[in-house]
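Student: sequence first, predicted model second:
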Amino acid sequence: MIKAFNNLLAESLVNGGKDAGAEDRIAMAIAGDDAEAKKVIAALVHEAGYDAVDSGTLSASWRQQPGTPAYCTELNAAELKQALADGVKEDAPILRDKAIAELSARSPFPSHPDVVNYNRALFTKNPKAL
């Protein structure tokens with residue numbers, strides 16, 4: 001089992017893919033315990049237009065969940081690696097619940113860029129926080 005395609009919003013997945021080497025190419029986290037399976041998924045991620053970043057084992061995949069610096073922030077590979085390292089497991093559920101409550105309370109519902117910017121702003125170390 002490999003965990004991938006979950007740290008990006010649907011809009012990012014549909015419209016965010018870029019050619020390899022593009023300056024603004026978004027990275028996607030891939031977690032799993034099978035190195036060969038991760039290679040297969042990394043190739044699919046690359047083909048879809050994203051850079052694959054190995055985020056470790058399935059037990060460490062909380063690092064790409066809601067409430068973490070890697071979740072729905074549209075980072076490049078170097079930034080995503082740092083975001084994965086910066087995650088704090090105990091903070092993730094608190095920040096996840098805060099994000100759900102605050103974003104759900106907005107009217108009209110926030111746009112895709114608004115959601116990405118909100119998630120970036122949750123983490124002071126995010127290089128793309130506004």
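Tutor: Now that the structure is in, tell me what you want to look at.
Student: can you tell me the SS state at the residue in the chain sticking out farthest from the centre?
Tutor: Ranked by distance from the centre of the chain (C-alpha atoms, centre = their mean), the top residue is Ser107, with 24.7 Å. The three-state label given to Ser107 by DSSP: H, G, I helix; E, B strand; the rest coil is coil.
Student: give me every residue that touches it.
Tutor: Residues in contact with Ser107 (C-beta atoms under 8 Å, 6 or more residues apart in numbering): none are found. Bear in mind the C-beta positions are built from the backbone N, C-alpha and C, glycine included.
Student: ok, now Lys98?
Tutor: Gly67, Leu122.
Student: remind me which helix or strand it belongs to.
Tutor: Lys98 belongs to helix 92-105 when elements are defined using DSSP states H and E.
Student: check which residues of the helix or strand following that helix are buried.
Tutor: Scanning forward in sequence from helix 92-105 by DSSP H and E, the next helix or strand is helix 112-121. Judged by neighbour count using 16 or more other C-beta atoms under 10 Å, the buried positions of helix 112-121 are His112, Val115, Val116, Asn117, Tyr118, Asn119, Arg120.
Student: next, the angle from helix 112-121 to helix 92-105.
Tutor: 150 degrees (axes from the mean of the first three to the mean of the last three C-alpha atoms, to 10 degrees).
Student: give the other helices and strands that helix 112-121 contacts.
Tutor: helix 10-15, helix 92-105 (3 or more C-beta pairs under 8 Å, 6 or more residues apart in numbering; DSSP states H and E).
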